[in-house]
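**Q** how would this look folded up:
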Amino acid sequence: MKINMQFITRSLIIIFAVIGILLAVLVMLPSEILLRGVSLWITRPLDSTPPPPTITAPRGSIPNGNVGLQEWVIYKDGSRELRGSGFLIKLNSGDVIGVTTAHSLIDLGEQGNRLSKIAFLLPSSGNAVIDSDTLHGSAGVARTTFDLSVDYVLLRLNGSAHSNYVLAPDARGTPQPGERVSLFSGLGDDQGNRRELQGTVFDVEAQGFWVVFDEWFDPGMMSGSPVMSQHTGNVLGMAIVMSPRGDRMTIGFNPIGNLVKQAEGAKEFVKIEEYRR
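**A** All right, here's what the predicted structure looks like:
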């Protein structure tokens with residue numbers, strides 16, 4: 001019995017040591033590799049993507065430069081914090097507004113809210129493109145279901161923005177299944193340059209559409225980034241949530257048609273620090 005107990009004890013020590021080493025290796029893996037491995041285990045593979053569609057909308061070119069911007073909040077005490085990404089669009093009225101996500105501004109409108117302004121910055125230099133202290137209409141809410149259309153915050157701008165950073169909404173309001181698109185990270189790449197991530201639309205609903213991407217990447221802080229049509233060159237939607245499917249990365253978007261509808265129907269323009277839900 002004594003010999004058996006010693007054998008069992010030593011075996012357990014070896015097993016736990018091996019488990020500890022494996023866990024240490026997993027922790028050191030890049031996040032996108034770890035996420036991909038987990039998704040292969042727990043999610044079903046994505047069905048084949050739709051074939052390329054016939055798009056009758058006029059052809060155009062995606063603008064040069066950083067069309068996706070960093071989203072920073074500025075507190076009443078002057079301190080600031082990076083929250084995610086955003087972009088600018090021009091409405092039919094000619095007004096230019098800022099667009100970002102509600103889930104990146106979860107404290108907006110809460111009692112004790114310390115927010116004063118929201119600023120969009122260039123990832124390349126950290127220079128501010130524009131800032132805002134006023135909402136353009138009521139803010140949306142962080143999505144809790146697959147209804148991605150509820151997750152948005154629209155901003156009235158202080159001053160004017162350079163036309164290089166202002167995007168045109170796609171007149172179709174949403175993409176077509178099988179359409180090729182480009183997501184532009186508001187964070188840029190590691191050097192602060194423009195970062196383009198290409199994919200194919202595979203699911204389109206009124207509540208949002210989904211894109212499967214050609215490569216894996218770390219989507220952290222990219223919520224609020226714009227996705228552009230490679231056919232029209234115009235913005236189709238705003239990144240909301242990532243969902244791995246088998247060995248593929250998919251991202252869900254709030255359609256630009258919904259964002260324009262909310263903007264054009266706005267009737268209240270409340271200061272960010274005064275807004276209450």
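**Q** doesn't Asn258 fall inside a helix?
**A** Yes: assigned with DSSP: H, G, I helix; E, B strand; the rest coil, Asn258 falls within a helix.
**Q** so what's it closest to, chain neighbours aside?
**A** Ser149 (4.6 Å; Cβ to Cβ, 6 or more residues apart in numbering). Bear in mind the C-beta positions are built from the backbone N, C-alpha and C, glycine included.
**Q** wait, is the one you found part of a strand?
**A** No: with three-state DSSP as the criterion, Ser149 is located in helix rather than a strand.
**Q** Looks like it contacts Ala206 (just checking).
**A** Yes: here Ser149 reaches Ala206: they are 7.3 Å apart, a contact under Cβ atoms under 8 Å.
**Q** contacting residues around the residue nearest to Asn258?
**A** For Ser149, the contact set (Cβ atoms under 8 Å, 6 or more residues apart in numbering) comprises 206-208, 254-255, 258.
**Q** just the buried members of those?
**A** 208, 254-255, 258 (16 or more other Cβ atoms under 10 Å).
**Q** Check the secondary structure at Gly237 for me.
**A** strand.
**Q** So for it, what pLDDT did the model give?
**A** On the pLDDT scale, Gly237 is placed at 98.
**Q** Which residue is the nearest non-sequential neighbour of it?
**A** Spatial nearest neighbour of Gly237, excluding adjacent residues (Cβ to Cβ, 6+ apart): Phe253 at 3.5 Å.
**Q** Check the one you found and give its pLDDT.
**A** For Phe253, the predicted pLDDT is 98.
**Q** cool, and Met28?
**A** At Met28, the pLDDT recorded in the model is 59.
**Q** quick revisit: sheet-wise, list the partners of the strand or helix carrying the residue nearest to Gly237 with their directions.
**A** Phe253 belongs to strand 248-255 when assigned by DSSP states H and E. Strand pairing for strand 248-255, using DSSP bridges, gives strand 208-213 (antiparallel), strand 235-245 (antiparallel).
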